[in-house]
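Asker: need the 3D shape of this:
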Amino acid sequence: MCKQIQKDEIFDHQSGIDPAIVSEADGSLFQGLHRALAIAEQAPKDSESLSALAALALAWRSKIDAIFEFDGFAAAPAWDIMLGLYQAHVSGISLTLADVVNLSPCTEPTTARWISALESMQLVERQKPAPGSAEPVISLANQGLLKTEMALHLRL
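Answerer: The predicted model follows:
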């Protein structure tokens, strides 16, 4: 079962982008994200244009599913987990299960099951606990990093 969580501390409400990560991002990527957001804000709001946008969104989800070789991946909490782990990777931040649960739209047991599934798909891995911690670190495996970047490139 999924839960509603507050992401005020993690994401900017307008863009959905982690401000800490954006501040460290490459300038061209940052400019590209702002350009994409500006285009979206100026896009026509008529039904035909919105229908075309819906078709693009469905096509993007379908391509993400193909990249991860899992039907429904882009609509599952797995995609949210991968995105959160990617942001942590880019920022050089280590995440424990508790941290990943806070990024996930689901409860701890559901998030833990998704992490196990992603681990069996060789997309994420558990590493030894960080010094002073009892919890293992959850991070992207090489294959998870490559596939996440492939999926993100579809939108740029």
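
Asker: which residues touch the residue lying closest to I64 once chain neighbours are set aside?
Answerer: Spatial nearest neighbour of I64, chain neighbours left out: A74 (3.8 Å); criterion: C-beta to C-beta, 6 or more residues apart in numbering. Any C-beta I mention is one placed from the backbone N, CA and C, and that applies to glycine too. For A74, the contacting residues are 60-62, 64-65, 68, 151, taking C-beta atoms under 8 Å, 6 or more residues apart in numbering as the criterion.

Asker: same thing but 6 Å
Answerer: Residues near A74 by C-beta atoms under 6 Å, 6 or more residues apart in numbering: 61, 64-65.

Asker: just checking, what packs against the biggest helix by length in the chain?
Answerer: For the chain, the helix reaching the highest residue count under DSSP state H is reported as helix 47-68. In terms of contacts (3 or more C-beta pairs under 6 Å, 6 or more residues apart in numbering; DSSP states H and E), helix 47-68 is packed against helix 142-153.

Asker: mind checking the pLDDT average for the helix it packs on?
Answerer: The average pLDDT for helix 142-153 rounds to 96.

Asker: picking up where we left off before, pLDDT averaged over the longest helix of the chain - what is it?
Answerer: Mean per-residue pLDDT for helix 47-68: 88.

Asker: just the helices in this structure please.
Answerer: Assigned by DSSP H, the chain shows helices spanning 19-24, 27-42, 47-68, 77-91, 97-103, 108-120, 142-153.

Asker: pull out the buried positions in the fourth one.
Answerer: Judged by neighbour count using 16 or more other C-beta atoms under 10 Å, the buried positions of helix 77-91 are 77-89.

Asker: pipe those into TSV and attach distance to L50 and pLDDT per row.
Answerer: Written out in TSV, the entries for those read as follows (distance: C-beta to C-beta, whole Å; pLDDT from 0 to 100):
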residue	distance to L50	pLDDT
P77	26	94
A78	27	95
W79	23	95
D80	24	94
I81	29	96
M82	27	96
L83	24	95
G84	28	95
L85	32	97
Y86	29	97
Q87	29	95
A88	33	95
H89	34	96
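
Asker: ok, which pair from those is furthest apart?
Answerer: Farthest apart among those by C-beta to C-beta are P77 and H89. That separation is 18.2 Å.

Asker: so what's the residue most central in space within the chain closest to, chain neighbours aside?
Answerer: Nearest to the centroid of the C-alpha atoms of the chain, with distances taken as C-alpha atoms, centre = their mean, sits L83, at 1.6 Å. Closest residue to L83 in three dimensions, ignoring its sequence neighbours and counting by C-beta to C-beta, 6+ apart: T148, at 7.2 Å.
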